[in-house]
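**Q** A structural model of the following input is requested.
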Amino acid sequence: MKIYCWLICLIPFLCISNSSIGQVVLSQREVEQKVNVDRVMRNVNVLSSDSLMGRSLNNEGHTKAASFIASELKLMGVTPISNNYLQAVPLVRTYWNEVYLKTNSYTLTNFDGIIYNGNPIDEPVSKKLVFRGHVSPDSLELTGMSDCIVVLFIDNLWKDVNFLRSIKKSDAYGFIFVNPFNQKQYYSLERQLKEHYTRRRVHPRFRVDDDAYNMVSKLAGTTDIYLDVPRFMMPIDKLAKLFGVSERKLMKASESANFSDIPMPTVMLRSQRVVEPLETSNVIGVIPSATTGKRAIVVSAHYDHLGNAGALYAGADDNASGVAVVLELARLLKQIGYTPKHDIVFSFFGAEELGMLGSMAFVNYRKQISDSIVANINVDMIGRVDSLHTKRNGYLYLLGAGKYSVLGDAFSLADSLTTDIAIDYSLDNPNDIFGMFNLSDQRSFTAKSIPAVMVTSGLHNDYHTPRDTPNRLDYNQIKQRVVLLLNAIVIADKEYLQ
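**A** Numbering: from 1, shown residues only. Below is the predicted model of the structure:
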């Protein structure tokens, strides 16, 4: 370990070098005394209150939360990043209004006989059905089917993505995929996907450079959100009714590859998709550095939650606790008169629950914030004690420390300066795409090769339920976590980050 002239080797002490106020030495106890737990508790209660309605993007509580955070930053003297504290995040909300596939005598609608996936078809169109039986991705021949809807038997509806590159090259109008060997698979898919695809989805109205987010588009060989080619999935019993023949006749034609006896009925289809402009805001303030280098450390927390659908999802831990802690860190740094080496940017992101859209916008527009963001410390769910720990033992999970050692080392030193809390590294697995490290806003930074860590108290049984309420938070633990985070920010700023 390096020897630091400003850390005097007295383990429980933090020394902050500041040209304007000389050398300030704060013992752990003095830092704890400066943490205003009542203020943290009040902020959690405000953000979790009924009047903020769960802070989801589709209600006014979301806007009220952003305004409240901005007012707190202004009150403590944190500088707005531009003319005000709000950074607009342009989004769009989309949902299917009417989707059908029908003949003169028979109609199928989305998730009632068909599953549709493709671009909108705003006005009804009529097309002929062409049956081509059982195929594999390697054997697919699609010549001579211009402007038709081609019906294909495949072995597994989950594997329809294997056909995407081929059908993109085809001049067919659209496709219907059927698994005649396992009809139950379709009905299982219909039940599983109905809620996911019929809800109102929110997408960014800005370019997203994130491999995980764009994975499906890359499989399809396109950067569009939707495929150009309309495609349906359906069961064989419904398909037989569209053709006006028996299931057995379709199976025999497929086995013999002789389709001359299969009619080519005309069907009418429509997939009307509603697109509504939408907006959230990131709330951003900064404690400027003593230099004009314009290099920044971002300390962040998301403020949105799940709303009020039948019951209030207060989101006290997720993530009113994180917002309240980041606000308290900003207040403490202002109170002690700390002048940082880097700009310390405090960012409160909207639309994290919808796919980290607020933080994606932040990093996409980061040149508006700073010439260079050197690190992100993201705080998400920091108020509880999980089942692996007890209230007697202070702890804080740190994720990303192994991969981003410049931050990991700063936190390790901060940990050694704080006697009542210990860092737990057991969840630190940044290579697990479905792990916690890739499921919060720090991922938007790492996608741009910006070092980032996440701090959290971990998951619990009240996560994403109406039971996530303020009375379940442990404010003694929160106090110790604030002390550790304050130390880590200062150490990273002064000694570890360039």
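**Q** surely Lys494 touches Lys341?
**A** Yes. Lys494 lies in contact with Lys341 (C-beta atoms under 8 Å); the separation is 5.8 Å. Every C-beta, even on glycine, is put in place using the N, C-alpha and C of the backbone.
**Q** what about Asn364, how many residues nearby?
**A** Other residues lying near Asn364 total 18 when counted by other C-beta atoms under 10 Å.
**Q** excluding covalently adjacent residues, which one is nearest to it?
**A** Phe206 (5.6 Å; C-beta to C-beta, 6 or more residues apart in numbering).
**Q** for the one you found, give its distance to Lys479.
**A** Here the distance between Phe206 and Lys479 works out to 38 Å (C-beta to C-beta, to the nearest Å).
**Q** equivalent analysis for Leu86, please.
**A** From Leu86 over to Lys479 (counting by C-beta to C-beta), the distance is 30 Å.
**Q** what are the C-alpha coordinates of stretch 424-440, in CSV please?
**A** This file holds the C-alpha atoms of stretch 424-440, laid out as CSV (Å, rounded to 0.1, in the frame of the first residue of the first chain):
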residue,chain,number,x,y,z
ASP,A,424,-18.5,-7.4,1.0
TYR,A,425,-17.1,-8.4,-2.4
SER,A,426,-19.1,-11.6,-2.8
LEU,A,427,-21.5,-10.2,-5.5
ASP,A,428,-18.7,-8.8,-7.6
ASN,A,429,-19.1,-10.6,-10.9
PRO,A,430,-19.2,-8.0,-13.7
ASN,A,431,-18.9,-10.6,-16.4
ASP,A,432,-22.3,-12.1,-15.6
ILE,A,433,-24.6,-10.3,-18.0
PHE,A,434,-27.6,-11.1,-15.9
GLY,A,435,-25.9,-10.3,-12.6
MET,A,436,-26.6,-7.3,-10.4
PHE,A,437,-23.6,-5.4,-11.9
ASN,A,438,-25.2,-5.2,-15.3
LEU,A,439,-28.7,-4.4,-14.0
SER,A,440,-28.3,-0.9,-12.9
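**Q** avg pLDDT for that stretch?
**A** The average pLDDT within stretch 424-440 is 86.
**Q** first-to-last residue distance for stretch 363-375?
**A** 12 Å (C-alpha to C-alpha, to the nearest Å).
**Q** pull the residues that contact it.
**A** The set of residues external to stretch 363-375 that reach it, using C-beta atoms under 8 Å, 6 or more residues apart in numbering, is 81-82, 87, 206-209, 284, 293-298, 342-343, 345, 362, 404, 406-407, 444-445, 447-448, 450-452, 492, 497-498.
**Q** how does it look with 6 Å?
**A** With C-beta atoms under 6 Å, 6 or more residues apart in numbering as the contact definition, stretch 363-375 has outside contacts at 81, 206, 294-298, 343, 407, 444-445, 448, 450-451, 497.
**Q** inside helices: which ones of these?
**A** Leu407, Ser444, Phe445 (DSSP state H).
**Q** looking at these, which is nearest Leu417?
**A** Nearest to Leu417, judged by C-beta to C-beta, of the ones in helices among the contacts of stretch 363-375 is Leu407 at 15.9 Å.
**Q** what sits against that closest one?
**A** Leu407 makes contact with Ala375, Pro451, Val453, according to C-beta under 6 Å, 6+ apart.
**Q** most neighbours among these, which one?
**A** Counting by other C-beta under 10 Å, Val453 has the largest number of neighbours within those, with 29 neighbours.
**Q** check for me that that one belongs to a helix.
**A** No. Val453: not assigned to a helix; according to DSSP: H, G, I helix; E, B strand; the rest coil it is strand.
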